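1. need a 3D model of the following:
(2 chains)
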Amino acid sequence: MSVRPAGVEARGWAFRHASRLAWAVDGLELSIAPGERVLLLGPSGAGKSTLIQALAGVLGDSADEGESRGSLLIDGMLPAAVRGRAGLVLQDPDSQVILARVGDDVAFGCENLGVDRDEIWRRVAWALDAVGLHVALDHPTSQLSGGQKQRLALAGVLAMHPGLLLLDEPTANLDPAGVAEVQDAVGRVLERTGATLVVIEHRVDTWASVVDRVVVLEPNGGVSADGSVERVLGDASTAERLRDAGVWVPGWRPEPPGRRTHPGTGAGAGASSASGGAIGAAPPAGAGAGAGVLLSATGLSVGRPGQHPVQTDLAFELRDRELLAIEGPNGAGKSTLALTLAGLLAPQSGSVVASDLLRGDNRVDASPHRWRSRELLTRIGMVFQDPEHQILKPTVREDLLVGPRAAAGGRSRRVLPSDILDRVDEVLERLRLAHLAEANPYTLSGGEKRRLSVATALVTEPRVLVLDEPTFGQDARTWRELVALLAELRDDGTSIVAVSHDADFVRVLADRRLELQAATEADRSDERFGGVIA
Amino acid sequence: MTAPSAAPAERSRPGPVIYRVNPVAKLAATIPLSLALVLTLDWLSATVALLLELALLGWAGLGWRQFWRRTLPIWLAAPLAGLSMVLYGQASGATYVQFGILHVTDGSIAIGVATALRIVAIALPAVVLFVTIDPTDLADGLAQIVRLPARFVLGALAGLRMVGLFIDDWRSLALARRARGVADSGRLRRFAGQSIALLVLAIRRGSKLATAMEARGFGSSLPRTWARASRFHRADAVLILIGTGIAAAAVVVSVTAGTWNFILGGS
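-> Numbering: from 1, shown residues only, chains lettered A, B, ... in the order given. I've put the predicted structure just below:
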């Protein structure tokens, strides 16, 4: 089955979102021949997503969505007039699943295009096969993994027989296995259909073998570089500009940050940090216990309340001034374990015990989950996978003040001591958020939100910092900053637990690794969508 | 993979007959019964309806465990509602107990019994029929048979799927509040704040979902087709007839026996 590939022509095209002063894209001159495979690069704010959404026909030209200038055409027609010629896959797997059953979800686009019923089901079978998603048609979509959901979205688009495939960071929210799944699926799809491809991605490596052309966009401008992967990235100044803009340029292998604790090269992870406290770091307050253990887990089973445990009988400890990486496949219970270590979930059995070193005050219970919310602040900080879950206040500065206020005893109306205000300023500065102090946290970019969520945990100076996938979906610049910051924190006496799929992150930072095995099928009970109205 | 060489144009599920009935028929079947029983307040009409329903329950093929789990609220609510009518209902006939505004009379006992029976008789078939409705099938039926606008029906269906995500969001929001040191007091204020945060997340998720749907041609001016046909079969018509029949039997028996007590007719 092959489709007629679509061509794209942009002539002086510009688009401005409603309520924005600046044009997201301006003066764009670009033509993409039918069948070309294009990787779209550029700093955030260059309008990559705007362009791709316009091509998908989902950017209305009505006053409430924005206004455009110039022309942007698919096969010489307006994108909105050729519905179905372009198919779009977005970043977030969860918000692209439309219906409850796999077959129905794939059929959805065809139904909207008015395709015949028999033809729809032929296309559904073909599309599912093309993306390699071999599950029953009535398989619940809620039970798919992230990578499977993205392949489902791809199949749903594919069933519409688009001549132009548009992918907006389709693998940013996936673990390495999911990335490989989607990459394979796209490669196979292009081979079978010969469709034109436009993909946005920070990590050039993911698509370098698939695309035959790279186009670099500039903020408020047009195209700043255009050509083959080798030519565009082979140009030193372009490559450097892209690297500064956060693009993961191929061949760049992050090095461990200038270390003060870690003797090894990259292969050091796994070795326990015998030199644990060392050079130049001030001794932690109240340190004295020789072993320097902060948290120890014994016979620990973790799980969400009221559900089966996802891990049982874990035994390990978190030592002073180390970064412990928790790894393991999807569904292995890494996040649940992190929440349990952070004192947010109670162990289902066994125990997590905080040492005297961590408790600091023996009136505090030994089990972190029995601590009061306020008692956690200076002891264990948690950075959630989704920063939006942690936002409490309408400005960045106020959000940062929440923790110190609560730690100071809750009587929040009182004027805060100047040392707290100084501390907030310091953290704002350190995480490059000072210029956003009065901004609404919800309006920040992905990288800024991540930095804010780390900042809110750091501002109360917890002895232990727990992070859930801190580098998920981050561009190379934020990645470098986070890694440098965490290395510094560790050297200054913070112990860090990080759940991560990110092999580079673990390689450059982890002192020790805890590898979780996949939970058995029987342990995983997902009855989220029972298929009935109850 | 179950390769659909022949199109699964219509969903046919294995299992009890009740899963095969069109959801629209299930909705339609309960309407005449509810109407009839709401219009009168007497013990006989509700008893007749209930007995007929119970006779049919076995045919529905619902497992006992599922039956009791789903209908438990009815068995709790109906006696409570009946009891309150016995204690506070309109007094008439012999008085058995009187204590302040509380009085138990022949009349209030009759109203209490009638109320409890009526709640069971209306709610029982509704619960049994509705718990076996698949939302997708219902949406297909509402759009293709009742001809409700597809935009509305499918939007609601897709939104319904997000409920599970919202439950997860709510849990994470609660944990995040604990992590941020603000979960020790002010439960009410925290609940309010958390609700607003959930609303913000819901709107964001909703707009992303809308974009994904639009990207797949949803809301275009093209005439839409349906991958799954929702049709009325004989079983569906039979179910509606049964519902109507039970309603009619209840009314006829009650009127004939002279117990019919029209709620708007005064007493």
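
2. hey, let's count contacts and neighbours off CA atoms from now on
-> OK.

3. any weak-confidence spans in the chain?
-> Picking chain A for this. For chain A, applying pLDDT under 70 flags the ranges A:1, A:60-63, A:258-291, A:410-415, A:519-534.

4. correction: the question concerned chain B.
-> B:1-16, B:265-267.

5. domain ranges for it?
-> B:15-133+B:231-265, B:146-229 (automatic domain parsing).

6. which of those sits closest to residue A:55?
-> Among the domains of chain B, the nearest to residue A:55 by Cα to Cα is domain B:146-229 (10.0 Å).

7. show me the contacts for the residue in the stretch 201-350 of chain A that chain B sits nearest to.
-> Chain B sits closest to residue A:344 of the stretch 201-350 of chain A, with a gap of 6.0 Å, by Cα to the nearest Cα. Contacts for residue A:344 (Cα atoms under 8 Å, 6 or more residues apart in numbering or on different chains) come out as A:368-369, B:175, B:178-179.

8. that one should be in a strand, yeah?
-> No. Using DSSP: H, G, I helix; E, B strand; the rest coil, the assignment for residue A:344 is coil, not a strand.

9. now it: how far from residue A:298?
-> Distance of residue A:344 to residue A:298, given as Cα to Cα, to the nearest Å: 17 Å.

10. in the chain, where's the longest helix?
-> Picking chain A for this. Determined from DSSP state H, the single longest helix within chain A is helix A:176-193.

11. hmm, no, I was thinking of chain B.
-> Using DSSP H to define each element, chain B has its longest helix at helix B:187-215.

12. residues in contact with the helix or strand following that one?
-> Sequence-wise, the next helix or strand downstream of helix B:187-215 (DSSP states H and E) is helix B:234-257. Contacting residues not belonging to helix B:234-257 are listed as B:21-22, B:25-26, B:28-34, B:36-37, B:42, B:44-49, B:52-53, B:260 [Cα under 8 Å, 6+ apart].

13. out of the residues you listed, which are buried?
-> With burial judged by 16 or more other Cα atoms under 10 Å in any protein chain shown, the buried subset of the contacts of helix B:234-257 is B:21-22, B:25-26, B:28-34, B:36-37, B:42, B:44-49, B:52-53, B:260.

14. can you list which of those are found in helices?
-> Within the buried ones among the contacts of helix B:234-257, residues falling in helices by DSSP H are B:25-26, B:28-34, B:36-37, B:44-49, B:52-53.

15. thinking again about what came up before, so which of the buried ones among the contacts of helix B:234-257 also contact chain A?
-> Contacts with chain A are made by none of these, judged by Cα under 8 Å from any Cα of the partner chain.

16. residue A:467 belongs to a strand, doesn't it?
-> Yes. Residue A:467: assigned to a strand according to three-state DSSP.

17. okay, now it: neighbour count?
-> By other Cα atoms under 10 Å in any protein chain shown, 26 other residues sit near residue A:467.

18. tell me which stretches of the stretch 301-450 of chain A form strands.
-> According to DSSP state E, counting those that start in this stretch, the stretch 301-450 of chain A carries its strands in the segments A:311-319, A:323-327, A:349-354, A:380-383.

19. now mean neighbour count too, for the ones you listed, in TSV please.
-> Output for the strands of the stretch 301-450 of chain A, formatted as TSV (neighbours: other Cα atoms under 10 Å in any protein chain shown):
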stretch	mean neighbour count
strand A:311-319	17
strand A:323-327	25
strand A:349-354	21
strand A:380-383	29
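
20. turn those into a markdown table, including distance to residue A:421.
-> Below are the strands of the stretch 301-450 of chain A laid out as a markdown table (distance: least, Cα to Cα, whole Å):
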| stretch | distance to residue A:421 |
| --- | --- |
| strand A:311-319 | 31 |
| strand A:323-327 | 29 |
| strand A:349-354 | 30 |
| strand A:380-383 | 19 |
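
21. out of those, flag the one nearest residue A:21.
-> Closest approach to residue A:21 among the strands of the stretch 301-450 of chain A is made by strand A:380-383 (33.5 Å; Cα to Cα).

22. tell me which residues are up against the closest one.
-> For strand A:380-383, the external contacting residues (Cα under 8 Å, 6+ apart) are A:339, A:342-343, A:453-454, A:457-458, A:462-468, A:470, B:176, B:179-180.

23. tell me the gap between that strand and the middle of its chain.
-> In this view, strand A:380-383 has its centroid 18 Å away from the chain centroid, taken as Cα atoms, centre = their mean, to the nearest Å.

24. and it, which strands flank it?
-> According to DSSP bridges, strand A:380-383 forms sheet pairs with strand A:464-468 (parallel).

25. CA-only coordinates of the strand it pairs with in CSV, if you can.
-> Only the C-alpha atoms of strand A:464-468 are listed here, as CSV (Å, rounded to 0.1, in the frame of the first residue of the first chain):
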residue,chain,number,x,y,z
VAL,A,464,17.8,14.0,50.7
LEU,A,465,16.5,14.9,47.3
VAL,A,466,14.4,12.4,45.4
LEU,A,467,13.8,13.0,41.7
ASP,A,468,11.5,11.1,39.3
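
26. got a list of contacts for that strand?
-> Outside strand A:464-468, the residues touching it (Cα under 8 Å, 6+ apart) are A:335, A:338, A:341-342, A:379-385, A:457, A:494-500.

27. of those residues, grab the buried ones for PyMOL.
-> Remark: buried members of those, expressed as a PyMOL selection using 16+ other Cα under 10 Å:
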select buried, chain A and resi 335+338+341+342+379+380+381+382+383+384+385+457+494+495+496+497+498+499+500
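
28. just the ones of the contacts of strand A:464-468 in helices?
-> Per DSSP H, the contacts of strand A:464-468 map to helices at A:335, A:338, A:341, A:457.

29. so who does the third one touch?
-> If I follow you right, that is residue A:341. Counting by Cα under 8 Å, 6+ apart, residue A:341 touches A:295, A:352, A:368, A:466.

30. so how far is residue B:177 from the third one?
-> When Cα to Cα is the yardstick, residue A:368 and residue B:177 sit 15 Å from each other.

31. the longest helix of chain A: which residues count as buried?
-> Under the neighbour-count criterion of 16+ other Cα under 10 Å, helix A:176-193 has A:178-179, A:181-187, A:189-190, A:193 buried.

32. and stretch A:488-499, how far out from the chain middle?
-> Chain-centre distance of stretch A:488-499: 21 Å, with Cα atoms, centre = their mean.

33. is any part of it close to chain B?
-> No. Stretch A:488-499 lies apart from chain B when judged by Cα under 8 Å from any Cα; the minimum separation is 15.0 Å.

34. from one end of that stretch to the other, what's the distance?
-> End-to-end distance for stretch A:488-499, by Cα to Cα: 18 Å.

35. kindly report the same for stretch A:87-100.
-> End-to-end distance of stretch A:87-100 (Cα to Cα): 21 Å.

36. what about it and chain B, any contact?
-> Yes. Judged by Cα under 8 Å from any Cα, stretch A:87-100 comes into contact with chain B at A:87-90, A:95-100.

37. in strands only, show me those.
-> Judged by DSSP state E, the residues of stretch A:87-100 next to chain B include A:87-89 as members of strands.

38. reformat these as CSV; add neighbour count and distance to residue B:161.
-> Shown next, in CSV, are those (neighbours: other Cα atoms under 10 Å in any protein chain shown; distance: Cα to Cα, whole Å):
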residue, neighbour count, distance to residue B:161
A:87, 30, 22
A:88, 30, 21
A:89, 27, 19
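
39. between the residues you listed, which sits nearest residue B:101?
-> residue A:89 (66.3 Å).

40. grab the nearest non-local neighbour of the closest one.
-> residue A:167 (4.9 Å; Cα to Cα, 6 or more residues apart in numbering or on different chains).

41. please apply the same query to residue A:175.
-> If you skip the residues right next to it in sequence, residue A:175 has residue A:501 as its closest partner in space, 5.9 Å away by Cα to Cα, 6+ apart.

42. for that neighbour, which residues are in contact?
-> Listed by Cα under 8 Å, 6+ apart, the contact set of residue A:501 reads A:175-176, A:327-328, A:469.

43. isn't there a strand covering the residue nearest to residue A:89?
-> Yes. Residue state for residue A:167 (three-state DSSP) corresponds to a strand.
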